[in-house]
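Visitor: Predicted structure and sequence below. I'll ask about it afterward.
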Amino acid sequence: MIRIVVYFVVVTLIAAATVWLVQEPGSIRMEWLGYEITTSAAFLIASILVFAIVVAGLYRGWGYLRNAPHRIGEAWKQRRRNQGYQALTRGMVAVAAGDADEAKKQSRRADSLLQDPPITMLLSAQAAQLAGDESAARRFFDAMTDNPETAFLGLRGLLTQAMKAGDTDKALELAKRAYRLKPQSAWVVDALFDLQTHKGLWLEAQVTAEQAGRSRLLGTTASRSRRAKLAVETALAAKAKGHDMAWRKDAQTAMDLDPDLIPAALELARATLKAGKPRKAATIIERAWTRQPHPDFVPHYIDARGAKDALSAVKATEKLATFNRTHPESYLMVAEAAITAELWGEARTQLTKLTADYSPSARACRLMATLEEKDGGSPEAMRDWLVQASLADPEPSWVCDSCGNAVTEWSAVCGNCGTFGTFDWKSPPHVLGLPGAPEPVTNALPAPVATTNSTTPALPPARQS
């Protein structure tokens, strides 16, 4: 709107000036080189304007002709650049489609047209990988690391190759380099953390987890849970080396981070008991039993309560059961202690309550069979309970949520699939062969430890951000 107003104002002024000159033509007399020129002022002004326009047009034409070679060269370069980016796009599409020949063809074409190695090197590396030429891909990735703009992509390619080849030492070195370049990248943080935990570098993994929490790459709950499990591993490592104070300190750290983590409470209770503080150890177990009962707490609680015989052990278990009275583990704990003390009535009472409130587990059925055998029951009843035991749900164990691997001893890293923090205390699946039913792995490998000569399981792929 403003431009239209300005246009009309200018046109109006020109028209007004033209009318004024016509009405006031005036005259101009000029003598030069013996010539006398007489004309009107309007004609002289019009002549000067025409002359200026002609000179300006000639100057523009000369500039156009003078710059023509440069413009032609730039147009040619732009055309090649457009063709190069088109080839680059087609090459990326060919890589995504798995067409190795087309990817290599477009890679060569893009490289010749663009003549910019940092741009085309990634396509060349991916085309080489697609064709199965890992050595050529490695050369391209190595070259990419020399350019600051493509260094991160080059390191990622080399890291992926190292992990695929199972070279965890090289992969860890590359992950550290990539982390220094982009510490805020979730992919880099996950890859570095996976490699550190895979190799049992618990302290380094703790630093990575803390920085991920501060960078908001992990939620607060997930960060605390991850650090708690790492603290349990450092506690176990200190325990293995005989460093009792570090064992107890790390276990306490794990408990502070995640009070519901059973292994943290177990290790803290064990370390406290060994430090000669049975009352404190008993309190730790009682609080843990309130949250999540676990059978491994029972012998330590009996020791903490100073039970020297079977009858005092029954009393200790009955006291512990009061902290989570209706949990199945409380019934089973007291029943087992009662059977050991030959208190058949008490054992039968606990098991009867259990089977009345819950579907009997294999362990409960076996205890009932033992009770029928020792308390003068019929052989038929004992056999019936044993049959039920074979059909009942398997006993709870540490089950990996990622692969279904079931083990008796907890570890932060699954020895079968290598994932971190996936063990939960629950009944493993026991119905095999049905669609969708995961098959538990019984021959689980031990979790990795921080030693240089230990055998470690295969490293899983790094998690995506």
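Guide: Received, thanks.
Visitor: tell me the mean pLDDT for the helix or strand that Gln161 is a member of?
Guide: Per DSSP states H and E: Gln161 is located in helix 151-165. Averaging pLDDT along helix 151-165 yields 89.
Visitor: do the same with stretch 279-296
Guide: What stretch 279-296 shows for mean pLDDT is 95.
Visitor: Which helix or strand in this protein has the lowest average pLDDT?
Guide: helix 100-114 (a mean of 70; mean pLDDT, DSSP states H and E).
Visitor: Which SSE is immediately downstream of it?
Guide: helix 117-130.
Visitor: How far does that following helix sit from its chain's centre?
Guide: 26 Å (C-alpha atoms, centre = their mean, to the nearest Å).
Visitor: Could you check that helix and say which residues are buried?
Guide: Across helix 117-130, burial judged by 16 or more other C-beta atoms under 10 Å covers 118-130. Yep, even glycine has a C-beta here, placed from its N, CA and C like the rest.
Visitor: can you list those residues in TSV and add distance to Ala237 and pLDDT?
Guide: Formatted as TSV, the buried residues of helix 117-130 follow (distance: C-beta to C-beta, whole Å; pLDDT from 0 to 100):
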residue	distance to Ala237	pLDDT
Pro118	44	64
Ile119	47	65
Thr120	48	73
Met121	43	72
Leu122	41	72
Leu123	45	72
Ser124	45	78
Ala125	39	79
Gln126	41	74
Ala127	45	80
Ala128	42	79
Gln129	38	74
Leu130	43	76
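Visitor: Give the other helices and strands that the host helix or strand of Phe51 contacts.
Guide: Element membership of Phe51, judged by DSSP H and E, is helix 41-97. Packing partners of helix 41-97 (3 or more C-beta pairs under 8 Å, 6 or more residues apart in numbering; DSSP states H and E): helix 2-23, helix 100-114, helix 117-130.
Visitor: of all these, which lies closest to Leu386?
Guide: helix 117-130 (57.3 Å; C-beta to C-beta).
Visitor: burial count for Asn147?
Guide: Per other C-beta atoms under 10 Å, the neighbour tally for Asn147 reads 13.
Visitor: cool, and Leu65?
Guide: When neighbours are counted by other C-beta under 10 Å, Leu65 registers 9.
Visitor: and it, how far is that from Gln78?
Guide: Plainly put, Leu65 is 21 Å away from Gln78 if you go by C-beta to C-beta, to the nearest Å.
Visitor: Likewise for Ile339?
Guide: For Ile339, the distance to Gln78 - C-beta to C-beta - is 89 Å.
Visitor: These two: which is more packed in?
Guide: Taking other C-beta under 10 Å, Ile339 and Gln78 do not tie; Ile339 has more neighbours (22 against 10).
Visitor: In space, what's closest to that one - neighbours in sequence excluded?
Guide: Ala347 (4.8 Å; C-beta to C-beta, 6 or more residues apart in numbering).
Visitor: Tell me who's in contact with the one you found.
Guide: Neighbour list for Ala347: Val334, Ala335, Glu336, Ala338, Ile339, Leu367, Leu371 [criterion: C-beta atoms under 8 Å, 6 or more residues apart in numbering].
Visitor: circling back to that earlier point, now the buried residues of helix 117-130 as TSV including distance to Met245?
Guide: Below are the buried residues of helix 117-130 laid out as TSV (distance: C-beta to C-beta, whole Å):
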residue	distance to Met245
Pro118	54
Ile119	57
Thr120	58
Met121	53
Leu122	52
Leu123	56
Ser124	56
Ala125	51
Gln126	52
Ala127	57
Ala128	54
Gln129	51
Leu130	55
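Visitor: nearest to Val50, of those residues?
Guide: Ile119 (52.9 Å).
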